[in-house]
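>>> sequence unknown, structure follows:
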């Protein structure tokens, strides 16, 4: 039982000393902040209706309805 405790203690101390996990957490936080900023920016663009109209026109052009597309 004492050996198990020593092994677990050694594992936990070596795990706590590693800094690789901190970089992963930092990158995850950066991605989360950028994602939130993109969602807020896109919501701001869709309130005027210009972005939604643009997406509708692009979708129509890609589907083959060339009457909607402007050169």
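Cool, the structure landed. On a predicted model such as this, the values are computed, not experimentally measured, just so you know. Numbering: from 1, shown residues only.
>>> which helices and strands sit right next to the helix ranked longest in the chain?
Longest helix in the chain, counting residues (DSSP state H): helix 20-47. In terms of contacts (3 or more Cβ pairs under 8 Å, 6 or more residues apart in numbering; DSSP states H and E), helix 20-47 is packed against helix 50-63. Every C-beta, even on glycine, is put in place using the N, C-alpha and C of the backbone.
>>> rewinding a little: now the angle between helix 50-63 and the longest helix of the chain, please.
On the basis of axes from the mean of the first three to the mean of the last three Cα atoms, to 10 degrees, helix 20-47 is oriented at 90 degrees to helix 50-63.
>>> so for helix 20-47, what's the average pLDDT?
Across helix 20-47, pLDDT averages out at 81.
>>> for stretch 51-63, same thing?
What stretch 51-63 shows for mean pLDDT is 80.
>>> picking that back up, what comes up buried for the longest helix of the chain?
Residues of helix 20-47 include none that count as buried (16 or more other Cβ atoms under 10 Å).
>>> Relative to the whole chain's centre, how far out is it?
5 Å (Cα atoms, centre = their mean, to the nearest Å).
>>> Use 869 as the first number for this chain going forward.
Will do, 869 is the new start, and the previous item becomes helix 888-915.
>>> got the angle between the helix or strand hosting residue 873 and helix 888-915?
Using DSSP states H and E, residue 873 sits within helix 870-885. Helix 870-885 runs at 50 degrees relative to helix 888-915, counting by the same axes, to 10 degrees.
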